[in-house]
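Trainee: have a look; sequence and predicted model below, questions after that.
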Amino acid sequence: MHKYNWGNIKNATYLDTDSFRFSSMYARDIFGKTARLLLENGKVKQAGQVARKAYDQLPNRVYSMSDAINYADIIDSLYRSGQSQLAGNVVDRNLNFVAQNMEYLHQLVRDKKNLSFEWNDIQMALDSVDRYQTILLAANDGKRLERVEGLRKQYQEWYGIE
Amino acid sequence: MTYNKLNTLFGLACGLVATLVYIATVEKTVSWWDCGEFITCAYKLEVAHQPGAPLFLLIQNVFANLALGNTGQIAYWMNIGSAVCSGLTVTFLFWTITAIAKKILKKPQQPTFSYYLQLFAAGVVGAMAFSFSDTFWYSAVESEVYAMSSLCTAVVFWAIFKWEARADQGGSDRWLIFIAFVMGLSIGVHLLNLLAIPAIGMVVYFKRTSQINLKGILTAFLSGLLVLAAILWGVIQWLIGFASKIDLLFVNLLGLGFGSGILSLCMLVGGAIIYGLFYSHRNRKYTLNTALLMFCFILFGYSSYTMVLIRGKANPSLNNNSPDNVFSFLGYLGREQYTREPLVKGPYYDSKAVDIESKISYRKDESNYTAFTQVDKYEFDRETFFPRIYSQDANHQAYYRSYLKLKEGERPQFSDNFKFFFHFQLGEMYARYFLWNFVGRQNDKQGYGTYSEGNWISGVKTLDNWRLGGQDKLSDSQKNDPSRNTYFFLPLLLGIAGAVWLYKKSKPYTLVLALLFVFTGVAIVVYLNQTPLQPRERDYAYAGSFYAFAIWIGLGAIALVRFFKRFFHSRYALVTGLSFALLGGPIILAQQNWDDHNRSEKSLARDIARNYLETCAPNAILFTYGDHDTFPLWYLQEVEGVRPDVRIVVLSYLTGDWYMQQAKKPTYQAAGLPIGIPAEKTKKGIRDYIPYIDRELNEAVDVQQLLQFVTSDNPDYKVQLNSGDLENYFPSKKVKLTIDKDEILKKKAVPAYFQHAIVPTMEWEIPGDHLTRADLTLLSLLENNHWDRPIYFSNMLPSDIKLGLDKYLVNEGFASRLMPVAATNEQQAAGEIAALVN
């Protein structure tokens, strides 16, 4: 991980579609997976270091709904390694993205009857909210947990899911 | 100052402004997609993907020298090359618009300031609007062929108006010869430029005819098509095809050396042209003389392709299709690496192949050309005229059904072809791109027919909401997305105004522009016959069409002034009209497009490439897929010299005989692949496809035995096909490789944390029903590498082309390393952690 070059994606004002696919891959496969494996092997401190590096290197902006779920392992590692403030920042940013985009998608569901790939985004958002709920519960982050539960409840109402 | 001087100066100024903008926004290093390959091939004069772009590479090589030996700056300077070409395109566009406007706009007896202002303003509005349009700006800041291709189109279209202005003077046809030369040169950049020929032919007709009539127009149009076809197929392919036949005759029948037939043909053609020139000159056959000269100059331009032959013979590390002889060169020009799309007649997506048509092809062997049989095309149980939904790919089939609302098993009809053509090919794959450029773009996400990705959008909320829905609830990320650009229809309306005004003033010019617009737009759609689910957006192919529309945008400035003159005094009409035109054309486009077209901060393509290479242990072999996990890596390794010890091998190319042989070659500090299969066993036409025939073997077959079996020439190891030919097959999908643990430990081929998990035998199952040269290469590598060099597979590679080796791959970051280990999940995790955190 130390041998890699992360470039300027952190502060880039804009990443084109090909670039942000790779930054999503960074979050999921490079940082996220490493942090998760470390956590699973009880190496909490190292997982925290990886997550902190992710926090320092990955883009400030969220580019797609898949990012919300891609960051889950990073967020979990930040919480578990005691970096709650940073974890909270990422949760807030990602939940804002999820909440606003789900509003848009819900409006789309009402406006258009023949949605196709948009359902993937909706499913990803639902998965993210579920995953965040688990993470926040374990992290005992009451304020954010309340928010995510609120979102979950709202989406259950919208889409009639348990 | 005279009009001509002012015209020249304003044109240059527009080009300069555009160039400066492009230089300010140019990518500082390699970009995505083919740019990495082009930069590498331009820097080292290597052979790029088919059908090549030799002149582009040669010119970009000149720009590379401006880096003054700083390899980290070479990509930047080649990108500047595109910026300069694009700036020049803008200049020629300005001059084209003013040339047309000057012909149309009624000149007062005493030309006024207002008259000249309208002419130049039209040029500025049209040229600068095109400068800042989405598609053109995208290509202007990266090292791709499209900027230079646009320049070629701009030059020939400008030149025909230069000819038109001087057609009645002696020597004016030099302009036609110049056009022919640029056309010939453009073949070495991209063939898009040839599509201007029908429009150019129409200008010649209108100028030369004494009376315009429908018959004349149709004759001129068909003549234009004929010239286009003659160059596209006659000069570019059939001439080389004919040369191949002559060379075959000279080498195989007469026993002369390779190339002797081509040399003779060159002398024959050269002699015939020289005789024709003398004959036409002596007998005062002016048209014949001009036509022969034009043909000569097309050939001069086309001769940039000798670079491909020369470098193909030198066999550099990137040498696509090894075009070192006339047959491989012909295959290179004919893009034989890619599938052919049916145009006139072809199958539906659910048609069943009932027969195979073969053709005889030739390959170069030691002392002669050898014939072999090759699949030419399939015959289907159901075919149609104008096939549009023809792909047999399972994903495409599902898309066709979904798009056309056809149930599983429901057969598509002829009307479905047209439905798909109009709605998908014309609508999604052309009109959408056109409207991106002149109405607005929702975002730069790839559009697959959803409401939220890659649509055209106007900024007029009611309309956008009606079309796409959800506009009242846009998220902050959508509203602030730099790639969301809305022009409120203004450039489109300006262009329509210009087109209407031109139609009223001059129907001939309208037809000329319409031909350019259609042939560089809709005609390409018809020709490409694109399948759905393209890997990227294809708007770059239609830049010529947007160029033609920009001419109408320029004329729209005059149309606006004329319109306002109905209501205001001339002076106010002039100020108001031109202000609206500037705001609704270049200004709104520049303002909206700047942030997402500014690539000056970007470096991710290079960073990713570095990360791929740095994932690999020293002296590794890295198998990649192509595009993003390959081209930037080639750039970084060959241009910047990063990790020259890693042997990059594109797995998808390995099905080609040429690439299998190239893979054996060392490159820089990387040794070639230890492939033990002799070259003659996998030549073109030999073992192209080895089918699986289940012999119900209970035990896995050893890799060595399997290779011996499938590469054996013993008839006992072959099976008779329907054609009567004997071909190799493979009898078992279960394969094994015996592992010498001591050797592995001695060579440190497996990291310490996996040493306890080394297996005595690797056993796996081949996933497909046939073996290709890529599979043979992998098997041979497993047999002969003896774990001397680490083998990696890019994480972008799909599972089905990795020979079923997935369970022995350990993720080490951007690539996974082949290891003879069977670890528990925990052990696997521990190993991957160690690899990933280091």
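Mentor: Perfect, thanks for sending it. Numbers count the residues shown, from 1 in each chain, chains lettered A, B, ... in the order given.
Trainee: so how far is chain A from B:Asp381?
Mentor: For B:Asp381, the distance to chain A under the criterion C-beta to the nearest C-beta, to the nearest Å works out to 31 Å. C-beta coordinates here come from the backbone N, C-alpha and C atoms, glycine included.
Trainee: ignore the last one, B:Leu318
Mentor: In terms of C-beta to the nearest C-beta, B:Leu318 sits 22 Å off from chain A.
Trainee: quick one: contacts for the residue lying closest to that residue once chain neighbours are set aside?
Mentor: Counting by C-beta to C-beta, 6 or more residues apart in numbering or on different chains, B:Glu46 is the residue found nearest to B:Leu318 once chain neighbours are left out, at 4.0 Å. With contact set as C-beta atoms under 8 Å, 6 or more residues apart in numbering or on different chains, B:Glu46 has these partners: B:Thr40, B:Arg311, B:Pro316, B:Ser317, B:Leu318, B:Asn319, B:Glu638.
Trainee: for the helix or strand bottoming out on mean pLDDT in chain A, packing partners?
Mentor: Taking mean pLDDT, DSSP states H and E as the measure, the helices and strands of chain A show their lowest mean at helix A:17-25, namely a mean of 89. The helices and strands touching helix A:17-25, judged by 3 or more C-beta pairs under 8 Å, 6 or more residues apart in numbering or on different chains; DSSP states H and E, are helix A:65-70, helix B:604-615.
Trainee: once you drop chain neighbours, what's closest to the residue of the stretch 551-700 of chain B found nearest chain A?
Mentor: Scanning the stretch 551-700 of chain B for the residue nearest chain A gives B:Asp607, at 3.7 Å (criterion: C-beta to the nearest C-beta). Nearest residue to B:Asp607 in three dimensions, chain neighbours excluded: A:Gly7, at 3.7 Å (C-beta to C-beta, 6+ apart).
Trainee: adding mean neighbour count, distance to B:Lys352 and mean pLDDT, write the helices and strands packed on helix A:17-25 out as TSV.
Mentor: Formatted as TSV, the entries for those read as follows, by neighbours: other C-beta atoms under 10 Å in any protein chain shown; distance: least, C-beta to C-beta, whole Å; pLDDT from 0 to 100:
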stretch	mean neighbour count	distance to B:Lys352	mean pLDDT
helix A:65-70	24	38	93
helix B:604-615	25	42	95
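Trainee: okay, stretch B:608-627 in CSV with CA atoms only?
Mentor: Provided in CSV are the C-alpha atoms of stretch B:608-627 (Å, rounded to 0.1, in the frame of the first residue of the first chain):
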residue,chain,number,x,y,z
ILE,B,608,-3.3,3.8,-11.8
ALA,B,609,-0.8,2.5,-14.3
ARG,B,610,2.0,3.0,-11.8
ASN,B,611,0.0,1.1,-9.2
TYR,B,612,-0.6,-1.8,-11.5
LEU,B,613,3.1,-2.1,-12.2
GLU,B,614,4.1,-1.6,-8.6
THR,B,615,1.8,-4.4,-7.5
CYS,B,616,4.0,-6.8,-9.3
ALA,B,617,7.1,-8.5,-7.8
PRO,B,618,10.4,-8.0,-9.8
ASN,B,619,10.6,-9.7,-13.2
ALA,B,620,6.9,-10.5,-13.2
ILE,B,621,4.7,-11.4,-16.1
LEU,B,622,1.5,-9.4,-15.9
PHE,B,623,-1.5,-10.5,-18.0
THR,B,624,-3.9,-7.6,-18.8
TYR,B,625,-7.2,-7.2,-20.5
GLY,B,626,-6.7,-4.1,-22.8
ASP,B,627,-7.7,-0.4,-22.5
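Trainee: in chain A, which ranges drop under the pLDDT threshold?
Mentor: In the predicted model, chain A carries pLDDT under 70 at residues A:161-162.
Trainee: what distance do you get for the residue of it found nearest chain B to A:Glu157?
Mentor: Distances between chain A and chain B by C-beta to the nearest C-beta are smallest at A:Asp111, namely 3.0 Å. A:Asp111 sits at a distance of 18 Å from A:Glu157 (criterion: C-beta to C-beta, to the nearest Å).
Trainee: quick revisit: show the pLDDT at the residue nearest to B:Leu318.
Mentor: Looking at B:Glu46, its pLDDT stands at 97.
Trainee: likewise for B:Thr824?
Mentor: Per-residue confidence at B:Thr824 stands at 66 (pLDDT).
Trainee: and chain B, what are its domains?
Mentor: With domains defined by automatic domain parsing, chain B comprises B:3-305+B:488-597, B:345-412, B:605-837.
Trainee: report the contact partners of A:Ala72.
Mentor: If a contact means C-beta under 8 Å, 6+ apart, then A:Ala72 has A:Gly32, A:Ser128, A:Arg131, A:Tyr132, A:Ile135 as its contacts.
Trainee: shouldn't the first one be within a strand?
Mentor: No - counting by DSSP: H, G, I helix; E, B strand; the rest coil, A:Gly32 is located in no strand; its state is helix.
Trainee: quick check: closest non-adjacent residue to it.
Mentor: A:Asp73 (3.8 Å).
Trainee: spell out which parts of the stretch 551-700 of chain B neighbour chain A.
Mentor: Where the stretch 551-700 of chain B comes near chain A, counting by C-beta under 8 Å from any C-beta of the partner chain, the residues are B:595-596, B:598-599, B:601-608, B:610-611, B:614, B:628.
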